[in-house]
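Novice: pasting a predicted model and its sequence here:
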Amino acid sequence: MIEQENLPSGVSERLKDLHDEKHKELSLYLWQEGAIQAWAGEGIVKDPRTKASLPDDKEYCGIISAVTGSGKTYTATECIWVWLQEHPTGRVTVLVPTRALQRQWRGDMARAFPRMRIGMMGGGRRDFRQISIVTMNTAAKGLPEVDGEHLIVVDECHNIGSEMRQYAIRNNPHTAILGLSATPAREDSGLTVVSHLCGPIVYEYKFDQALEDGVIIPFTVRAVSVPLSRIESKEYEELTNSIRKVSFILRKRYGANTNWFMIRQDPNDPDSALTTFKDLCMQRKRLVNECHFRFETVDEILRLHENSKTMIFHERIKQIEWMMEKYTGNTPHTLPNCEDLWESSGLKEPDCEEWVGMNPEIYHGERKKGENDKSLEEFANGDARILLSCKALREGIDVPSCDLGIMVSGTNAARARVQTLGRCLRRGENKEEAIVYLLYVPNTTDQKGIQSLKYGGRLPEGTIEWWNYHPKKGLRKIGEEQKPEMPKSRPKVEKKKHICESCHKVYHTENAAKSENHHCFPRLTKTGRKPVDLWSDMIGRR
């Protein structure tokens, strides 16, 4: 939640009148005021921040897309408050992707509505009240029946577009809906499914606007080129050649423009080409993510910023635990891949005594809640100088402020990169700027991660610096002429797609989306899992 003393004045009189005396002094950023009014959609003409026209075609429906750290939860709380003034007996259901976010939302709602008891559903809880926080997977199986007005708030709404979770919306009748996300578009279906479920984007707040308004702190992304060793380069080339051979078979079988990762394996496939292709791609990705010099580069960065509070992100838990042992001051027995021994690789064991006193903490989804909470607390109060995290901290969770972020590895998707960057942009005491390092291996698939962040994340010009790590020369900044070739920014125009109302699959043409023109399975039942058994139903009626 945003610190009140940092908020400018300028909240609308319309919103002020809705609060009691205790809340009269609350203020909103101008973008928050505009977002709430755009979502409410009644009698509002101009955005108070930009003076541009706001959509008013549908009340209480749509997505608010705003950068991480700008105060989306605070904005959603105000949206709920506004909606409850017109529907005092209506129910509010907040859908969240994880139980950690569920606990966080419950605390936020309890502070915002102290006179109400906040319900929880999911993880063994079945307490459904006027305001309830429910995990998406639980809601997909069906909520208790709701009579009257019902508002659904979808936090991190890009998650709701998955094949299973979309039934958290479809299976539960509602009269109003609010989607929240820094990156609402999905890699598989873009905005098609998410907008179909949550409504259109009614307000968008980008990085450059948040920087101009002082909502997030200035930041720099340092893209660091990291080499492969000779053995790793040879293995990468062999895997790439094998992938090319299998790709030739798949192109003839499925077509060149098909996403082969989205195709399910046919058990009758004679040569298992699809499985082989996916396995080879995973091996190549793992090789790049676990390359030896990535972790030497992290050492150099920590030496360069020796007094910083640092968050380190990696895609795999094994490597996070490997770094935990290293920065505790103990030399790991294996290489970063957690398989090869130092002796067999011919590499010299690192001296880890220099890291004694860093007191690193670790946070990931396989640890107990109490252990993760303790890690966040130790990092927040300064007892730990390093917080190592996997995917668990990437979305939504309010993390302590840090000065330095290091993305050691990660998926190339723009959404994941933007969400990770946002973890490091929260304001803190005496924090004037954030520096985030993004490590990549040039001339590999890893380079797509920078393109995704720069263009998909729509970073402002001048926020990316180019650096290089060399095993002998160390870490150094390079000039613009030495930076890798990047494709020119081309605005991605998403083609309109169509959804079958029966099976809810996405098709490129309206004609193909008609149930009579494709193999249409019946929609899922109230459970969100079991398909309707039409044959048994027909036999039973006989």
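Specialist: Received, thanks. Numbers count the residues shown, from 1 in each chain.

Novice: would you mind writing the CA trace of stretch 61-78 as CSV?
Specialist: The C-alpha trace of stretch 61-78 is given here as CSV (Å, rounded to 0.1, in the frame of the first residue of the first chain):
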residue,chain,number,x,y,z
CYS,A,61,-16.6,-3.8,-16.0
GLY,A,62,-13.1,-3.9,-17.3
ILE,A,63,-9.4,-4.3,-16.7
ILE,A,64,-7.0,-1.8,-15.0
SER,A,65,-3.5,-2.3,-16.4
ALA,A,66,-0.8,-0.6,-14.3
VAL,A,67,2.9,-1.1,-13.7
THR,A,68,3.9,-3.1,-10.7
GLY,A,69,4.4,-1.0,-7.6
SER,A,70,2.0,1.8,-8.6
GLY,A,71,-0.7,0.8,-6.1
LYS,A,72,-3.1,-1.5,-7.9
THR,A,73,-4.4,-3.1,-4.7
TYR,A,74,-5.1,0.3,-3.2
THR,A,75,-6.9,1.2,-6.4
ALA,A,76,-9.0,-2.0,-6.3
THR,A,77,-9.9,-1.3,-2.7
GLU,A,78,-11.3,2.0,-3.7
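
Novice: how is this structure partitioned into domains?
Specialist: Annotated domains of the chain cover 4-211, 219-228+292-482, 230-287 [automatic domain parsing].

Novice: so can I have JSON lines of those domains showing mean pLDDT, mean neighbour count and distance to Glu510?
Specialist: The C-beta positions use only the backbone N, C-alpha and C, and glycine is treated the same way. Formatted as JSON lines, the domains of the chain follow (pLDDT from 0 to 100; neighbours: other CB atoms under 10 Å; distance: least, CB to CB, whole Å):
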{"stretch": "domain 4-211", "mean pLDDT": "81", "mean neighbour count": "19", "distance to Glu510": "13"}
{"stretch": "domain 219-228+292-482", "mean pLDDT": "83", "mean neighbour count": "18", "distance to Glu510": "28"}
{"stretch": "domain 230-287", "mean pLDDT": "84", "mean neighbour count": "13", "distance to Glu510": "20"}
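
Novice: Tyr507 is nearest to which of the ones you listed?
Specialist: domain 4-211 (9.8 Å; CB to CB).

Novice: off-centre distance for that closest one?
Specialist: 17 Å (CA atoms, centre = their mean, to the nearest Å).

Novice: which one's the longest helix in the protein?
Specialist: For the chain, the helix with the greatest residue count under DSSP state H is helix 230-254.

Novice: packing partners of that one?
Specialist: helix 273-289 (3 or more CB pairs under 8 Å, 6 or more residues apart in numbering; DSSP states H and E).

Novice: beyond the helix it packs on, next helix or strand please.
Specialist: helix 292-304 (DSSP states H and E).

Novice: contacts for that next one?
Specialist: Helix 292-304 is contacted by residues 224, 226-229, 232, 310, 312, 323, 326, 335-336, 347, 350, 355, 358, 386, 404, 406, 408-409, 437, 439, 441, 469, 471, 474-475 when judged by CB atoms under 8 Å, 6 or more residues apart in numbering.

Novice: show only the entries of those found in helices.
Specialist: Using DSSP H, the contacts of helix 292-304 in helices are Glu232, Met323, Lys326.

Novice: from Arg415, how far out is Ala182?
Specialist: Applying CB to CB, to the nearest Å, the value for Ala182 to Arg415 is 8 Å.

Novice: next: Glu212.
Specialist: Counting by CB to CB, the separation of Glu212 from Arg415 is 23 Å.

Novice: in its sheet, what does the strand or helix carrying Leu180 sit against?
Specialist: Here Leu180 sits within strand 176-181, counting by DSSP H and E. Applying DSSP bridges, strand 176-181 is found paired with strand 61-66 (parallel), strand 150-155 (parallel).

Novice: what packs against the helix or strand just after the last one?
Specialist: In other words, strand 150-155. Using DSSP H and E, the helix or strand that follows strand 150-155 in sequence is helix 167-170. Packed against helix 167-170, as judged by 3+ CB pairs under 8 Å, 6+ apart, are the following elements: helix 136-140, helix 192-198.

Novice: as JSON lines, the ones you listed with distance to Phe295 would be great.
Specialist: Formatted as JSON lines, these follow (distance: least, CB to CB, whole Å):
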{"stretch": "helix 136-140", "distance to Phe295": "35"}
{"stretch": "helix 192-198", "distance to Phe295": "37"}
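
Novice: centre of the chain versus stretch 355-365, how much separation?
Specialist: For stretch 355-365 - counting by CA atoms, centre = their mean - the centre lies 23 Å from the chain centre.

Novice: which outside residues touch it?
Specialist: 302, 317, 320-321, 323-324, 326-329, 372, 374-376, 378-379, 383-393.

Novice: take the residues you listed and keep only those in strands.
Specialist: Cross-referencing the contacts of stretch 355-365 against strands under DSSP state E gives Ile386, Leu387, Leu388, Ser389.

Novice: and the last one, how far is that from Met407?
Specialist: In this case it means Ser389. When CB to CB is applied, the distance between Ser389 and Met407 equals 11 Å.

Novice: ok, residues contacting stretch 184-197?
Specialist: 63, 65, 154, 157-158, 160-161, 166, 169-170, 177, 179, 198, 201, 259, 262, 413-415, 494, 496-497, 499, 506.

Novice: run the last query once more with 7 Å
Specialist: Identification of contacts with stretch 184-197 by CB atoms under 7 Å, 6 or more residues apart in numbering yields 63, 65, 157-158, 160-161, 166, 169, 179, 201, 262, 413, 415, 494, 497, 499, 506.
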